[in-house]
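> Sequence first, predicted model second:
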Amino acid sequence: MQNQSFITEFILLGLSQNPAVQKTVGIICLLIYIVTFGGNVLIIVAIVCSPALLGSPMYLFLAFLSLLELCFSSSVTPKMIVDLLYERRTTSFECCMMQLFAEHFFGGTEVILLTAMAYDRYVAICKPLHYSSIMNLNLCGILVGVAWAGGFLHSILIIILVFQLPFCGPNVIDHFLCDLYPLLELACTDTHILGIFAVGTSGFMCIIIFLMLLVSYGVILFSLRTQSSEGRQKALSTCGSHIAVVVLFFVPCIFINARPPFTLPIDKMVEIFYTVLTPLLNPFIYSFRNKEVKNSVRKVWRRLLVVK
(Lines give C-alpha, C1' and ligand atoms only; values in the text may rest on other atoms or scores of the structure.)
Protein backbone atom coordinates (compact mmCIF):
# COMPACT_ATOMS: atom_id res chain seq x y z
CA MET A 1 0.00 0.00 0.00
CA GLN A 2 1.81 3.05 -1.24
CA ASN A 3 0.59 6.55 -0.53
CA GLN A 4 1.15 9.17 -3.23
CA SER A 5 0.68 12.08 -0.85
CA PHE A 6 3.11 14.97 -0.84
CA ILE A 7 1.42 16.56 2.16
CA THR A 8 2.81 15.79 5.60
CA GLU A 9 0.27 17.77 7.62
CA PHE A 10 -3.18 19.33 7.40
CA ILE A 11 -4.41 22.67 8.75
CA LEU A 12 -7.73 22.50 10.60
CA LEU A 13 -9.66 25.79 10.57
CA GLY A 14 -11.71 24.67 13.59
CA LEU A 15 -15.04 26.08 14.71
CA SER A 16 -14.25 29.79 14.64
CA GLN A 17 -11.54 32.24 13.63
CA ASN A 18 -12.20 34.38 16.71
CA PRO A 19 -9.68 33.52 19.49
CA ALA A 20 -12.09 34.54 22.27
CA VAL A 21 -14.86 32.37 20.85
CA GLN A 22 -12.42 29.49 20.41
CA LYS A 23 -11.31 29.59 24.05
CA THR A 24 -14.89 29.81 25.31
CA VAL A 25 -15.99 26.86 23.19
CA GLY A 26 -12.85 24.97 24.24
CA ILE A 27 -13.65 25.42 27.95
CA ILE A 28 -17.28 24.34 27.41
CA CYS A 29 -16.16 21.25 25.46
CA LEU A 30 -13.62 20.43 28.19
CA LEU A 31 -16.33 20.51 30.87
CA ILE A 32 -18.64 18.39 28.70
CA TYR A 33 -15.87 15.87 28.06
CA ILE A 34 -15.08 15.57 31.79
CA VAL A 35 -18.76 14.85 32.55
CA THR A 36 -18.95 12.46 29.58
CA PHE A 37 -15.86 10.59 30.70
CA GLY A 38 -17.01 10.38 34.32
CA GLY A 39 -20.59 9.42 33.44
CA ASN A 40 -19.65 6.60 31.10
CA VAL A 41 -16.95 5.27 33.42
CA LEU A 42 -19.42 5.35 36.32
CA ILE A 43 -21.96 3.29 34.36
CA ILE A 44 -19.30 0.76 33.32
CA VAL A 45 -18.05 0.39 36.91
CA ALA A 46 -21.62 0.21 38.27
CA ILE A 47 -22.48 -2.66 35.93
CA VAL A 48 -19.19 -4.52 36.34
CA CYS A 49 -19.41 -4.29 40.14
CA SER A 50 -22.98 -5.61 40.21
CA PRO A 51 -23.16 -9.38 39.53
CA ALA A 52 -26.91 -9.16 38.94
CA LEU A 53 -26.49 -6.54 36.21
CA LEU A 54 -23.36 -8.06 34.68
CA GLY A 55 -25.17 -11.37 34.18
CA SER A 56 -27.92 -9.69 32.16
CA PRO A 57 -27.37 -9.29 28.40
CA MET A 58 -29.12 -5.91 28.38
CA TYR A 59 -26.73 -4.42 30.93
CA LEU A 60 -23.74 -6.15 29.39
CA PHE A 61 -24.57 -4.41 26.11
CA LEU A 62 -25.11 -1.15 28.01
CA ALA A 63 -21.63 -1.36 29.54
CA PHE A 64 -20.20 -2.03 26.09
CA LEU A 65 -22.14 0.95 24.68
CA SER A 66 -20.73 3.23 27.39
CA LEU A 67 -17.23 1.99 26.55
CA LEU A 68 -17.81 2.76 22.87
CA GLU A 69 -19.18 6.23 23.64
CA LEU A 70 -16.13 6.89 25.79
CA CYS A 71 -13.74 5.76 23.04
CA PHE A 72 -15.64 7.58 20.29
CA SER A 73 -15.66 10.85 22.20
CA SER A 74 -11.99 10.45 23.15
CA SER A 75 -11.00 9.99 19.51
CA VAL A 76 -12.20 13.52 18.67
CA THR A 77 -12.84 15.76 21.68
CA PRO A 78 -9.40 15.96 23.41
CA LYS A 79 -7.65 16.97 20.17
CA MET A 80 -10.35 19.53 19.45
CA ILE A 81 -10.08 20.99 22.98
CA VAL A 82 -6.30 21.36 22.69
CA ASP A 83 -6.66 23.03 19.29
CA LEU A 84 -9.27 25.46 20.63
CA LEU A 85 -7.49 26.40 23.84
CA TYR A 86 -3.97 26.65 22.44
CA GLU A 87 -4.95 27.80 18.95
CA ARG A 88 -3.17 24.93 17.29
CA ARG A 89 -4.13 24.45 13.69
CA THR A 90 -2.05 21.61 12.31
CA THR A 91 -2.31 17.84 12.46
CA SER A 92 0.05 15.38 10.84
CA PHE A 93 -1.08 13.17 7.98
CA GLU A 94 -0.67 10.08 10.19
CA CYS A 95 -2.71 11.57 13.06
CA CYS A 96 -5.40 12.59 10.59
CA MET A 97 -5.66 9.03 9.29
CA MET A 98 -5.73 7.64 12.84
CA GLN A 99 -8.58 9.95 13.78
CA LEU A 100 -10.51 9.02 10.64
CA PHE A 101 -9.98 5.34 11.43
CA ALA A 102 -11.13 5.76 15.05
CA GLU A 103 -14.28 7.67 14.06
CA HIS A 104 -15.42 4.99 11.64
CA PHE A 105 -14.25 2.12 13.84
CA PHE A 106 -16.16 3.12 16.96
CA GLY A 107 -19.10 4.52 14.97
CA GLY A 108 -19.43 1.35 12.88
CA THR A 109 -19.14 -0.83 15.98
CA GLU A 110 -21.90 1.16 17.69
CA VAL A 111 -24.23 0.70 14.71
CA ILE A 112 -23.97 -3.08 15.07
CA LEU A 113 -24.23 -2.93 18.86
CA LEU A 114 -27.45 -0.89 18.75
CA THR A 115 -28.85 -3.52 16.39
CA ALA A 116 -27.90 -6.26 18.86
CA MET A 117 -29.53 -4.32 21.70
CA ALA A 118 -32.75 -4.03 19.69
CA TYR A 119 -32.71 -7.80 19.09
CA ASP A 120 -32.16 -8.37 22.82
CA ARG A 121 -35.23 -6.28 23.66
CA TYR A 122 -37.27 -8.04 20.97
CA VAL A 123 -36.50 -11.46 22.43
CA ALA A 124 -37.06 -10.27 26.03
CA ILE A 125 -40.49 -8.75 25.31
CA CYS A 126 -41.86 -10.83 22.43
CA LYS A 127 -40.40 -14.23 23.45
CA PRO A 128 -39.94 -13.99 27.23
CA LEU A 129 -40.17 -17.75 27.84
CA HIS A 130 -37.25 -18.42 25.50
CA TYR A 131 -35.16 -15.39 26.50
CA SER A 132 -32.66 -17.16 28.75
CA SER A 133 -32.06 -19.93 26.22
CA ILE A 134 -31.68 -17.56 23.23
CA MET A 135 -29.80 -14.64 24.79
CA ASN A 136 -27.12 -16.62 26.60
CA LEU A 137 -23.64 -15.33 27.34
CA ASN A 138 -22.16 -17.18 24.36
CA LEU A 139 -24.47 -15.37 21.94
CA CYS A 140 -23.77 -12.05 23.67
CA GLY A 141 -20.04 -12.64 23.26
CA ILE A 142 -20.54 -13.48 19.58
CA LEU A 143 -22.61 -10.32 19.00
CA VAL A 144 -19.99 -8.17 20.72
CA GLY A 145 -17.27 -9.81 18.65
CA VAL A 146 -19.27 -9.24 15.45
CA ALA A 147 -19.68 -5.57 16.42
CA TRP A 148 -15.92 -5.13 16.88
CA ALA A 149 -15.13 -7.02 13.67
CA GLY A 150 -17.75 -5.12 11.65
CA GLY A 151 -16.50 -1.75 12.88
CA PHE A 152 -12.90 -2.71 12.11
CA LEU A 153 -13.67 -3.94 8.59
CA HIS A 154 -15.64 -0.78 7.80
CA SER A 155 -12.95 1.58 9.10
CA ILE A 156 -9.99 -0.28 7.57
CA LEU A 157 -11.71 -0.23 4.17
CA ILE A 158 -12.23 3.54 4.41
CA ILE A 159 -8.60 4.06 5.45
CA ILE A 160 -7.21 1.90 2.64
CA LEU A 161 -9.20 3.83 0.05
CA VAL A 162 -8.34 7.27 1.44
CA PHE A 163 -4.68 6.38 1.93
CA GLN A 164 -4.38 5.68 -1.78
CA LEU A 165 -5.50 9.22 -2.68
CA PRO A 166 -2.84 11.75 -3.70
CA PHE A 167 -2.85 14.89 -1.54
CA CYS A 168 -0.53 17.23 -3.37
CA GLY A 169 -2.29 20.59 -3.33
CA PRO A 170 -4.27 22.49 -0.66
CA ASN A 171 -4.00 21.12 2.87
CA VAL A 172 -6.55 23.33 4.66
CA ILE A 173 -9.56 21.47 6.12
CA ASP A 174 -12.50 23.69 7.01
CA HIS A 175 -13.42 21.54 9.98
CA PHE A 176 -12.33 20.71 13.54
CA LEU A 177 -11.59 17.06 12.74
CA CYS A 178 -10.37 14.88 9.92
CA ASP A 179 -13.54 13.64 8.27
CA LEU A 180 -14.02 11.74 5.04
CA TYR A 181 -15.80 14.28 2.84
CA PRO A 182 -13.45 17.23 3.61
CA LEU A 183 -10.50 14.95 2.79
CA LEU A 184 -12.06 13.90 -0.51
CA GLU A 185 -12.33 17.56 -1.50
CA LEU A 186 -8.57 18.02 -1.00
CA ALA A 187 -7.47 15.02 -3.08
CA CYS A 188 -5.61 15.80 -6.32
CA THR A 189 -7.76 13.40 -8.34
CA ASP A 190 -11.37 12.71 -9.23
CA THR A 191 -13.04 11.26 -6.11
CA HIS A 192 -16.55 11.00 -7.57
CA ILE A 193 -16.62 7.19 -7.54
CA LEU A 194 -15.10 7.01 -4.06
CA GLY A 195 -17.68 9.53 -2.83
CA ILE A 196 -20.52 7.40 -4.18
CA PHE A 197 -18.95 4.34 -2.54
CA ALA A 198 -18.74 6.20 0.79
CA VAL A 199 -22.40 7.23 0.58
CA GLY A 200 -23.36 3.64 -0.22
CA THR A 201 -21.34 1.99 2.55
CA SER A 202 -21.95 4.53 5.29
CA GLY A 203 -25.02 6.58 4.43
CA PHE A 204 -27.41 4.06 2.93
CA MET A 205 -26.41 1.42 5.47
CA CYS A 206 -27.25 3.88 8.27
CA ILE A 207 -30.65 4.54 6.68
CA ILE A 208 -31.43 0.85 6.22
CA ILE A 209 -30.38 -0.13 9.73
CA PHE A 210 -32.19 2.88 11.24
CA LEU A 211 -35.43 1.91 9.48
CA MET A 212 -34.98 -1.72 10.55
CA LEU A 213 -34.52 -0.62 14.15
CA LEU A 214 -37.60 1.60 14.03
CA VAL A 215 -39.66 -1.30 12.62
CA SER A 216 -38.33 -3.69 15.26
CA TYR A 217 -39.19 -1.30 18.08
CA GLY A 218 -42.58 -0.77 16.47
CA VAL A 219 -43.17 -4.53 16.60
CA ILE A 220 -42.03 -4.58 20.23
CA LEU A 221 -44.34 -1.73 21.22
CA PHE A 222 -47.25 -3.34 19.35
CA SER A 223 -46.70 -6.61 21.24
CA LEU A 224 -47.02 -4.81 24.59
CA ARG A 225 -50.81 -4.89 24.23
CA THR A 226 -50.85 -8.34 25.76
CA GLN A 227 -48.57 -7.41 28.68
CA SER A 228 -49.71 -6.49 32.18
CA SER A 229 -49.70 -2.80 33.08
CA GLU A 230 -46.58 -3.22 35.23
CA GLY A 231 -44.72 -5.18 32.56
CA ARG A 232 -45.84 -2.70 29.91
CA GLN A 233 -44.55 0.25 31.92
CA LYS A 234 -41.16 -1.37 32.52
CA ALA A 235 -40.80 -2.37 28.87
CA LEU A 236 -41.81 1.10 27.69
CA SER A 237 -39.20 2.67 29.98
CA THR A 238 -36.43 0.42 28.65
CA CYS A 239 -37.46 0.70 24.99
CA GLY A 240 -37.91 4.46 25.36
CA SER A 241 -34.27 4.76 26.39
CA HIS A 242 -33.13 2.57 23.50
CA ILE A 243 -35.20 4.49 20.94
CA ALA A 244 -33.88 7.83 22.22
CA VAL A 245 -30.27 6.63 21.89
CA VAL A 246 -30.94 5.22 18.40
CA VAL A 247 -32.44 8.50 17.21
CA LEU A 248 -29.63 10.60 18.74
CA PHE A 249 -27.04 8.42 17.03
CA PHE A 250 -28.57 7.74 13.62
CA VAL A 251 -30.15 11.07 12.69
CA PRO A 252 -26.83 13.02 12.68
CA CYS A 253 -25.09 10.00 11.13
CA ILE A 254 -27.59 9.91 8.26
CA PHE A 255 -27.39 13.68 7.76
CA ILE A 256 -23.60 13.58 7.47
CA ASN A 257 -23.17 10.39 5.43
CA ALA A 258 -26.34 9.80 3.38
CA ARG A 259 -26.00 12.64 0.91
CA PRO A 260 -23.77 13.58 -2.04
CA PRO A 261 -20.13 13.85 -0.89
CA PHE A 262 -19.75 17.55 -0.25
CA THR A 263 -19.47 19.63 2.90
CA LEU A 264 -21.99 22.12 4.28
CA PRO A 265 -21.51 24.95 6.82
CA ILE A 266 -23.93 23.23 9.22
CA ASP A 267 -21.80 20.07 9.23
CA LYS A 268 -19.65 21.42 12.07
CA MET A 269 -22.65 21.90 14.37
CA VAL A 270 -24.01 18.46 13.51
CA GLU A 271 -20.60 16.89 14.17
CA ILE A 272 -20.35 18.72 17.51
CA PHE A 273 -23.67 17.21 18.54
CA TYR A 274 -22.69 13.81 17.16
CA THR A 275 -19.21 13.59 18.70
CA VAL A 276 -19.49 15.71 21.86
CA LEU A 277 -23.08 15.86 23.08
CA THR A 278 -24.42 12.40 22.15
CA PRO A 279 -21.79 10.50 24.23
CA LEU A 280 -22.72 12.83 27.11
CA LEU A 281 -26.47 12.29 26.81
CA ASN A 282 -26.54 8.50 26.48
CA PRO A 283 -25.40 7.70 30.06
CA PHE A 284 -27.96 10.10 31.48
CA ILE A 285 -30.75 8.70 29.30
CA TYR A 286 -30.13 5.18 30.60
CA SER A 287 -29.43 6.22 34.20
CA PHE A 288 -32.52 8.36 34.68
CA ARG A 289 -34.91 5.85 33.06
CA ASN A 290 -33.57 2.64 34.59
CA LYS A 291 -34.00 1.91 38.30
CA GLU A 292 -31.45 -0.92 38.39
CA VAL A 293 -28.74 1.25 36.85
CA LYS A 294 -29.58 4.17 39.15
CA ASN A 295 -29.40 1.98 42.24
CA SER A 296 -26.07 0.48 41.18
CA VAL A 297 -24.65 3.92 40.34
CA ARG A 298 -25.72 5.18 43.78
CA LYS A 299 -23.94 2.26 45.46
CA VAL A 300 -20.72 2.94 43.52
CA TRP A 301 -20.96 6.64 44.30
CA ARG A 302 -21.40 5.95 48.03
CA ARG A 303 -18.33 3.70 47.99
CA LEU A 304 -16.32 6.44 46.32
CA LEU A 305 -17.42 8.95 48.94
CA VAL A 306 -16.51 6.54 51.76
CA VAL A 307 -13.04 6.00 50.25
CA LYS A 308 -12.52 9.76 50.04
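Everything's here; your move. This is a predicted model, so every value here is computed, not measured. Residues are numbered from 1 along each chain as shown.

> Could you report the neighbour count for the spatially closest residue to residue 250 that is not a sequence neighbour?
By the measure of C-beta to C-beta, 6 or more residues apart in numbering, the closest residue to residue 250 outside its immediate chain neighbours is residue 210, 4.2 Å from it. Quick note: C-beta positions are derived from backbone N, CA and C, even for glycine. Per other C-beta atoms under 10 Å, the neighbour tally for residue 210 reads 20.

> got the contact list for the closest residue to residue 253 other than its chain neighbours?
Nearest non-adjacent residue to residue 253, counting by C-beta to C-beta, 6+ apart: residue 206, 4.8 Å away. Residue 206 makes contact with 111, 250, 253, 254, 257, 258 under the criterion C-beta atoms under 8 Å, 6 or more residues apart in numbering.

> how near is the most centrally placed residue in the chain to residue 129?
For the chain, the residue sitting closest to the mean C-alpha position, by C-alpha atoms, centre = their mean, is residue 107 at 4.5 Å. The gap separating residue 107 from residue 129 is 36 Å, by C-beta to C-beta, to the nearest Å.

> wait, is residue 167 part of a strand?
No. Judged by DSSP: H, G, I helix; E, B strand; the rest coil, residue 167 forms no part of a strand; its state is coil.

> pLDDT wise, what is it at?
Looking at residue 167, its pLDDT stands at 85.

> Check the one 4 residues further on too.
Residue 171 carries a pLDDT score of 86 in this model.

> What of residue 308?
At residue 308, pLDDT is 56.

> Show me which positions of stretch 259-275 end up buried.
261, 263, 267, 268, 271, 272, 274, 275 (16 or more other C-beta atoms under 10 Å).

> Around residue 70, how many other residues sit close by?
Residue 70 has 21 neighbours, counted by other C-beta under 10 Å.

> what's the answer for residue 161, then?
16.

> pretty sure it contacts residue 196?
No. Using C-beta atoms under 8 Å, residue 161 is not in contact with residue 196; the gap is 11.9 Å.

> show me what contacts the spatially closest residue to residue 165 that is not a sequence neighbour?
Once flanking residues are discounted, residue 165 sits nearest to residue 187: 4.1 Å by C-beta to C-beta, 6+ apart. Residues near residue 187 by C-beta under 8 Å, 6+ apart: 165, 166, 167.

> List only buried entries from those.
Neighbour counting by 16+ other C-beta under 10 Å classes 165, 167 among the contacts of residue 187 as buried.

> Give me the below-cutoff pLDDT ranges for the stretch 51-200 of the chain.
88 (pLDDT under 70).

> go again using 80 as the cut-off
The stretch 51-200 of the chain contains residues with pLDDT under 80 at 52-54, 87-89, 169, 198-200.

> Torsion angles phi and psi at residue 168?
Torsion angles at residue 168 (phi, psi; degrees, to the nearest 10) stand at phi -120, psi 0.

> can you give me the helices for the stretch 101-250 of the chain?
Residue ranges of the helices in the stretch 101-250 of the chain, as given by DSSP state H, counting those that start in this stretch, are 131-134, 137-163, 180-186, 192-198, 205-223, 229-257.

> among these, which is nearest residue 65?
Nearest to residue 65, of all those, is helix 229-257, at 7.6 Å by C-beta to C-beta.

> From residue 180, how far off is residue 93?
For residue 93 relative to residue 180 (C-beta to C-beta), the value is 15 Å.

> so residue 277 touches residue 29, yeah?
No. The pair residue 277 and residue 29 fails to qualify as a contact (C-beta under 8 Å) at a distance of 9.8 Å.

> Those two: who's more crowded?
Counted by other C-beta under 10 Å, residue 277 and residue 29 do not tie: residue 29 has more neighbours, with 24 against 16.

> How about the more buried one, nearest residue that isn't a chain neighbour?
Closest residue in space to residue 29, ignoring its immediate chain neighbours: residue 81 at 5.2 Å, by C-beta to C-beta, 6+ apart.
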